[in-house]
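Peer 1: Following is a predicted model, sequence given first.
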Amino acid sequence: MKKTRFSVLAVLLASLLMLLTGCTSKLSDMNVDEISSVLEENLHFSSLLDIDGEALQAHFNFPKGAVTNFVFKIAADSDSSADEYGAFVYADVALGAKMNAAVAERIQRRSQVFSETNQKEYEKLKNAVVRQQGNVIVYVICEQWDEADELLKKYVDDPVK
C-alpha cells in the first residue's frame with residue numbers, strides 16, 4: 001500500500017514539475033494532427049481547405065515518395081489570401097535539404113504572385129515561418145507571423161535559414 005502511494009505521488013510530482021518547467025514535446029515527436037491542432041488553436045486562420053495527397057504534388061516539388069504523413073491547408077480563396085500552413089513528415093532525415101528547398105520554392109512562387117497584386121499578403125509571405133527538426137518540416141504563412149514564430153520556437157530551437 002505504501003509503495004503504491006509513493007509511486008502515485010512520484011508520478012504526480014514528475015508531472016507537476018514538467019508542467020511548471022514548461023516542458024513541451026519536440027516537433028519531431030509530434031504527429032501532424034497535433035501540430036495542426038497547436039497551430040489552429042493559437043493562430044487566427046479563417047476558411048482553410050485541407051489539401052489531400054493527390055493534390056500535394058501540384059503545390060510542392062517534393063521528392064517522389066518522400067512524404068510519409070502531412071497536413072497541408074490553404075486559404076479557401078488562395079487567389080486573394082496567402083494564409084496557409086503545412087506540416088510534413090518525410091521518410092529519411094537525409095531528405096531535409098530537399099524538403100526545405102521545396103517549401104522555399106512554394107513560398108517564393110506565391111511571393112512573386114502577391115508582390116504584384118496584394119502587398120498585405122506579400123508581407124505575410126516575406127515573413128513566412130519555417131521550422132525543421134529531424135524528419136519534420138513545418139511552415140506557416142499568416143498575419144500573426146511573429147506569434148507563429150514564437151509558438152514554433154517552443155518545439156524547435158533553430159529556424160530554417
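Peer 2: Received it, and whenever you're ready, just let me know what you need.
Peer 1: Is the residue nearest the centre of the chain in a helix, a strand, or coil?
Peer 2: The chain has Val138 as the residue nearest its centroid, 3.0 Å off, counting by Cα atoms, centre = their mean. Following DSSP: H, G, I helix; E, B strand; the rest coil, we place Val138 in the strand state.
Peer 1: That one reaches Tyr90, doesn't it?
Peer 2: No. Shown here, Val138 and Tyr90 do not form a contact pair, counting by Cβ atoms under 8 Å, at 11.8 Å. Bear in mind the C-beta positions are built from the backbone N, C-alpha and C, glycine included.
Peer 1: chain center to the biggest strand by length in the chain: distance?
Peer 2: Longest strand in the chain by number of residues (criterion: DSSP state E): strand 67-75. Centroid displacement of strand 67-75 relative to its chain, using Cα atoms, centre = their mean, to the nearest Å, is 9 Å.
Peer 1: tell me what it is packed against?
Peer 2: If you count contacts as 3 or more Cβ pairs under 8 Å, 6 or more residues apart in numbering; DSSP states H and E, strand 67-75 packs onto helix 32-42, strand 48-50, helix 53-59, strand 84-90.
Peer 1: what angle do it and helix 32-42 make?
Peer 2: Between strand 67-75 and helix 32-42, the angle formed by their directions is 20 degrees, by axes from the mean of the first three to the mean of the last three Cα atoms, to 10 degrees.
Peer 1: who touches strand 67-75?
Peer 2: With Cβ atoms under 8 Å, 6 or more residues apart in numbering as the test, strand 67-75 has contacts from 31-33, 35-36, 45-51, 53, 56, 59, 81-91.
Peer 1: The host helix or strand of Val103 to strand 84-90, inter-axis angle?
Peer 2: In this assignment (DSSP states H and E), Val103 forms part of helix 96-117. Following the same axes, to 10 degrees, one obtains 170 degrees for the angle between helix 96-117 and strand 84-90.
Peer 1: So for helix 96-117, what gets flagged as buried?
Peer 2: Within helix 96-117, the residues that count as buried by 16 or more other Cβ atoms under 10 Å are Gly96, Met99, Asn100, Ala102, Val103, Arg106, Ile107, Arg110, Ser111, Phe114.
Peer 1: Take these and lay them out in CSV including pLDDT and distance to Leu151.
Peer 2: As requested, the buried residues of helix 96-117 are exported to CSV (pLDDT from 0 to 100; distance: Cβ to Cβ, whole Å):
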residue, pLDDT, distance to Leu151
Gly96, 93, 21
Met99, 96, 21
Asn100, 96, 20
Ala102, 97, 23
Val103, 97, 18
Arg106, 97, 21
Ile107, 98, 18
Arg110, 96, 21
Ser111, 97, 22
Phe114, 96, 23
